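Predicted model and sequence follow; I will ask about them next.
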Amino acid sequence: MIGIYLHIPYCRTLCPYCDFVRNPIDGAVPQRFVDAVCGEIAAFEGPDKAGTVFFGGGTPSLLAPASLERILAAVGERFVLEEPEVSIEANPDDVRGGLADAWRALGVTRVSLGVQSFDDGVLGYLGRRHDAATARQACGAVAERFDNWGMDLIFGAQPVDAWDATLAECAALAPKHVSVYGLTYEAATPFAARAGDAVDDDTYLELYWRAEAHLAGFEHYEVSNYAQPGRECRHNLIYWNNLEYAGFGPGAYSFVGGIRARNPVALNDYLAHPGGKCEALRLSDAEVRTETLIQHFRLAAGIRKAAYAERFGRAIHEDYGHALDGLVARGLIEEDREEFRPTRRGFELNNEIGLALVHEGGEPRAIASEA
Amino acid sequence: MTTPIERIRNFCIIAHVDHGKSTLADRLLQETGAVDERNLKEQTLDTMDIERERGITIKSVAVRLNYRAQDGHDYVLNLIDTPGHVDFSYEVSRSLAACEGALLLVDAAQGVEAQTLANAYKAIEQDLEIIPVINKIDLPGADIDSTRRQIHDIIGLDADKAIMASAKAGKGTREVLEAVVERVPQPRGERTGPLRALIFDAVYNSYRGVIVYVRVKEGRLAKGMKILMMSTGRRHEVAELGVLTPGATPTDSLEAGEVGYLICNIKSLKNTKIGDTVTEAQRPAPKPLPGYEEAQSVVFCGLYPAVATDYEELRDALERLQLNDASFHFQADSSDALGLGYRLGFLGLLHMEIVQERLEREFDLTLVTTVPNVAYRVVGLDGQERTVENASKMPGPAEIQRIEEPYIEAEIICPTEYLSPVIELCKKKRGIHVRVDYLDARRCLAVYQMPLAEIVLDFYDKLKTCTRGYGSLEYRLIDYRPGDLVKLDILLNGEPVDALSSIVHRDRAEWTGRTLASRLRKLIPRQQFEVAIQAAIGSRILVRETVKPMRKNVTAKCYGGDITRKRKLLERQKEGKRRMKQVGTVEVPQEAFMALLRVGDEQER
């Protein structure tokens, strides 16, 4: 069973901090793009069974219901879906009762709202097109129609002290899932020029842990993600377990059969060759093992020794004993009989865990590269 | 075909960096047809990349020019190139010893510089006929009268007959060639006597082995001859000899007065000493030519592979490099902080930089270099004297009667308006004033004696800064003098780091320790745990600085393809860590081991 990711690379307004693949658009997502995605899905070579479908972006909520229907039909024709989790990311501005009804009718099971904040100052700073009132309405509309819904929040944006109120309001709305991201000032974005606004590390961590304090009843199951028990995002768990997924749309990544490939990033390149890849790496077994561990250590549950042995046919200590012992000694992970788990410090310094593990991996070889 | 001795002229060009030596040499080659315009790579005589980039000449070469003079006779003019830098002053003196005359090339816009002066004095000592050439006369800033006056007043040469040239524009080239014919004396030397030939240079060629450059002083050198190197006692057979035109042109013999090369299957430069005398094994000369010296290392540093497994590679690289630069020395060394490596000795600072750069460039090695230091003479309580070339090996204060350090005499030429900052700088560097001469209305010469250790650190950069680039410096070793010196240690998390130890003057120790610790605080990246940096003399801690622990290092999002980006990022970081040295529990970047060099940049408190 693989996961299916669909990248909808359009936005009505471009958020100045975002470095995802996206293109400005006035109306709905064009038919030409929908055709291309459907064609790409139909032509996919690989596993037939899928357990999750995830519409990400960009802004998937710009898809007209008819377009969403066509894409889901293409997915249904190509893949056998078994009790699928079908998620869609949505901009609060786009969510009207009618649209949410249509999603339900089409088989969407999970909605993730890009709320980011319930503070108009923060939303303005982030350059979002919605305000707090719109976000509240959207949450209401989604919560009425979907049991499984969640929201994304951003901390560290100015004014920083609005964070507590946003968290409190989020908790009161009782979503099933919350993603909590620290604002990063990515180099290739307009926000790079504002890097001076970034909060210091101590403040960052204070804000980061504040979420845990507010979101009682949630499990902090991944570095940046909280869920009510049993409501973890199944699709994202595929990534963190380093399992197979197929990505469709510009810039989308796939990881199937040991090969990680990326679709052309530029929209025109993608539309010209919807099945083309701009990079493809065949990962060595050692690389897959290393990446699997790196991803697993983003999860509070860490990795079970037995699961590792079952998947790779070797003992985890054999491969990573030195690195893991070192990480335990540094207090970044903890070990018991069954498993290795990151500590709280291991969440704060998660990249240090990766750095210790990456030691074992060889250099990936490019096996195909077509622009 | 032998050239009559009266038709030979052997000469060199002495000049300050950038005064146009290479350009003039190119013009002479062109004018005499040794190279044509098409084949003339700019600055033919500088053969190594590094030389080109730095605009300096490291290895001298000799070129034979055929010239029909205005008197109607054909002459052979041997142009012997000389290294331009003070570090190679011994080699310069040997090149000069191969000549009877020298062109003293002075930039009309810059005037006489310290290097010009030092080399001109050497040429005078060797009794060479010196022909002043004033170059770059068509530059807007050219001041011919003043340059002429400086040549007269400072160097003491008759500048009335100085040749006016613009090597760039090709002006004055003929006049230079005529002057060489007319004014440089013909070589003297009995062609029938026992052979005595001066080795003035040698280079290593991976196909031919060592190529030895000689000036035959007496007798005759022939192909197939069994020869004897008089200082090393080594015997060889001449496999090939010839002249450079500038390409190698084999001949059957070289006679007294001539300059050329010889190849005799010598595998390493170690066995070829510059300044040595070549004689015939069967009929040896009774005495070698005068002036031979062993090259002395004056500056030392530790060189360690960034990755311990590269140790063997480093040794191979050093051995291979020594094939073509026998003037540096190395021996195995080990450091608690840096592991196994080598201690290298150099002729001077520039020489050190060249060797380091060649190792990294030609052998693709990532190296950790320690701060350069000089050799100290340490007299123990038992009265025994020994040489300490490595600060970390300095015995404790209780075992030492006194420490002596090498002193140099520096000649600094600068515009008069910068004299007071120069004096200030020299004082700060423990300089002892000898004299100041006013060269003309604009420039002066300051002579100071100071510890070589002060020059080794950052003196030259400082001099350039405080004179806005106009100051020039030459120095020579004079003697060893007792100094009130102490060993300054740096401790990381309580552990002394041998590679960061240095020998400093007691009065400056506290300031240096403070500055060094604060500099290290900026250089050592945050780590998971706090890092304490301490500077100490013996057991006395002078200062403590702290590198705060890293608080966070986490990527907010990591979904599908993000792992690709993330792993690339981690690989890059890993590469960065590879360039760090693990010292106890602390990861120390390579630059930290050179931190002492930049201590002088800090504002003095």
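Happy to help now that I have it. Residues are numbered from 1 along each chain as shown, chains lettered A, B, ... in the order given.

Pull the residues that contact stretch A:203-220.
A:153, A:155-156, A:160, A:163-164, A:167-168, A:170-171, A:178, A:180, A:182, A:199, A:226-229, A:232, A:300, A:348, B:551-552 (CB atoms under 8 Å, 6 or more residues apart in numbering or on different chains). Where you see a C-beta, it was placed from the backbone N, CA and C, and this is true even at glycine.

can you pull out the strands in the stretch 251-371 of chain A?
A:253-256, A:259-262, A:279-282, A:303-304, A:333-335, A:339-342, A:365-368 (DSSP state E, counting those that start in this stretch).

Tell me which strands the fourth one pairs with, and in which orientation.
What it means is strand A:303-304. Note on strand A:303-304: by DSSP bridges, its sheet partners are strand A:339-342 (antiparallel).

Settle this for me: B:Phe300 is touching B:Gly348, isn't it.
No: if you go by CB atoms under 8 Å, B:Phe300 and B:Gly348 don't touch, sitting 11.3 Å apart.

Kindly report the residues of the stretch 451-600 of chain B close to chain A.
B:528, B:550-564, B:566-567, B:569-571, B:573-574, B:577 (CB under 8 Å from any CB of the partner chain).

Same question for the stretch 301-450 of chain B.
Counting by CB under 8 Å from any CB, the stretch 301-450 of chain B has no residue next to chain A.

now the helices for the stretch 301-450 of chain B?
B:311-324, B:349-363, B:419-428 (DSSP state H, counting those that start in this stretch).

Enumerate the positions of the first one that are buried.
Of all the residues in helix B:311-324, those buried under the rule 16 or more other CB atoms under 10 Å in any protein chain shown are B:Tyr311, B:Leu314, B:Arg315, B:Ala317, B:Leu318, B:Leu321, B:Gln322, B:Leu323, B:Asn324.

returning to what we had before: between the helices of the stretch 301-450 of chain B, which gets nearest to B:Ala453?
helix B:349-363 (11.5 Å; CB to CB).

Can you report how many residues lie near the residue in chain B that chain A sits nearest to?
In chain B, no residue comes nearer to chain A than B:Gly561, which is 2.8 Å away by CB to the nearest CB. Residues lying near B:Gly561 (other CB atoms under 10 Å in any protein chain shown) number 23.

Number of residues surrounding A:Arg104?
Neighbour count of A:Arg104, defined by other CB under 10 Å: 13.

what about it, helix or strand, and which?
helix A:97-106 (DSSP states H and E).

average pLDDT across the next helix or strand after that helix?
Going down the chain from helix A:97-106, the next helix or strand is strand A:110-116, by DSSP H and E. What strand A:110-116 shows for mean pLDDT is 98.

before we move on, what about stretch B:478-497?
For stretch B:478-497, the mean pLDDT works out to 93.

Got phi/psi on B:Asp562?
phi -60, psi -30 (degrees, to the nearest 10).

Can you tell me how far A:Val160 is from A:Ile154?
According to CB to CB, to the nearest Å, A:Val160 and A:Ile154 sit 11 Å apart.

no, scratch that, I was asking about A:Arg282
36 Å.

higher neighbour count, these two?
A:Ile154 (24 against 15).

Neighbours of the closest residue to that one other than its chain neighbours, how many?
With CB to CB, 6 or more residues apart in numbering or on different chains as the criterion, A:Ile154 has its nearest non-adjacent residue at 4.7 Å, and that residue is A:Gln116. By other CB under 10 Å, the residues close to A:Gln116 number 25.

now the residue of chain A found nearest chain B, nearest residue through space, not along the chain?
Chain B sits closest to A:Tyr253 of chain A, with a gap of 2.8 Å, by CB to the nearest CB. Closest residue to A:Tyr253 apart from its sequence neighbours, by CB to CB, 6+ apart: B:Gly561 at 2.8 Å.

Please give me every residue in contact with the one you found.
When contacts are counted by CB under 8 Å, 6+ apart, B:Gly561 touches A:Gly247, A:Gly251, A:Ala252, A:Tyr253, A:Arg260, A:Arg262.

among the residues you listed, which ones are buried?
A:Gly247, A:Gly251, A:Ala252, A:Tyr253, A:Arg260, A:Arg262.

Include pLDDT when you put those into CSV, please.
What follows is these, written out as CSV (pLDDT from 0 to 100):
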residue, pLDDT
A:Gly247, 97
A:Gly251, 94
A:Ala252, 95
A:Tyr253, 95
A:Arg260, 93
A:Arg262, 94
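
what's the closest of these to A:Leu126?
Nearest member of those to A:Leu126, counting by CB to CB, is A:Gly251, at 21.8 Å.

The closest one against A:Pro9, yeah?
Yes: applying CB under 8 Å as the test, A:Gly251 and A:Pro9 come out as touching, 6.9 Å apart.

need the strands for the stretch 451-600 of chain B, in chain order.
Under DSSP E, counting those that start in this stretch, the stretch 451-600 of chain B gives strands at B:472-483, B:485-492, B:495-496, B:502-505, B:531-537, B:540-547, B:580-583, B:586-589.
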